[in-house]
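Undergrad: Here is my input, please return the structure:
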Amino acid sequence: MTPHETPPPDDAPGAPAEGAAAAPPADASAELIAIKADRDDLYDRLLRKTAEFENYRKRVERERQDLRDRAAADLLGDLLPLVDDFERALRVETPSEAEAYRKGVDLIYRQLLDLLEKRGVRPIETTGVTFDPHLHQAVMHEPSPDHPDGAVIQELRRGYMLGNRLLRPALVKVAKA
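TA: Purely as a prediction, here's the structure:
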């Protein structure tokens, strides 16, 4: 229709009736259904990829935390022989002229223990407890009428825990009935 032509009257054949909506062609509704199905499929894929990415992010964060914990445990475990050496040095009798040095060594030893404690390292209780193979390593068995069978009699080397993780087992002497 050109701009100079007049529109056909409403009652002309082929003109839509007043108030009646034009019915969409059959192929348009099939196309709409296909588009909605495609949209739903894409939305489902988006949700799955989002969940996969969130799981990946959490897994990577757990792995990083485990790596940090292992590195910290390795470093703290490497410091434990120093603690042992300080304890041996402090058990030795010193002459009165070396008392200032002994106090200095004791100060350094206490600082090292404080550092380990701040990092969550704690000693394993041994004397008077029942032998636990998860925490103790028996290096000697000794008959003892004063102790029940399987009781720890003496600690030969202190063991340490880092949180709930064993850093180093305690070397102990165990009573034998």
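Undergrad: Residues contacting stretch 118-132, please?
TA: For stretch 118-132, contacts defined as Cβ atoms under 8 Å, 6 or more residues apart in numbering pick out 72, 76, 135-136, 138, 148, 150-155, 158-163, 167, 169-170, 172, 174. (Glycine included, C-beta is placed from N, CA and C.)
Undergrad: Next step: those residues restricted to helices.
TA: Counting by DSSP state H, those place 72, 76 in helices.
Undergrad: For Val105, list the residues it contacts.
TA: Applying Cβ under 8 Å, 6+ apart, the residues contacting Val105 are 86, 89-90.
Undergrad: where does the protein have low pLDDT?
TA: Where the chain drops to pLDDT under 70, the residues are 1-25.
Undergrad: Can you say which of the contacts of stretch 118-132 are buried?
TA: Buried residues within those, defined by neighbour count using 16 or more other Cβ atoms under 10 Å: 76, 135-136, 138, 151-153, 155, 158-162, 167, 169-170, 172, 174.
Undergrad: Kindly provide the distance from Asp106 to Leu116.
TA: Distance check for Asp106 against Leu116: by Cβ to Cβ, to the nearest Å, it reads 16 Å.
Undergrad: Which one's more surrounded, the two?
TA: For Asp106 against Leu116, the residue with the higher neighbour count under other Cβ atoms under 10 Å is Leu116, and the figures read 19 against 13.
Undergrad: Do I have it right that that one meets Leu79?
TA: Yes - with contact taken as Cβ atoms under 8 Å, Leu116 and Leu79 are classed as touching, separated by 6.8 Å.
Undergrad: in the protein, which spans are helices?
TA: 26-91, 99-118.
Undergrad: Just list the residues touching the closest residue to Val83 other than its chain neighbours, thanks.
TA: The shortest distance from Val83 to any residue other than its chain neighbours is 6.1 Å, reached at Leu112 (Cβ to Cβ, 6 or more residues apart in numbering). Neighbour list for Leu112: 79, 82-83, 86 [criterion: Cβ under 8 Å, 6+ apart].
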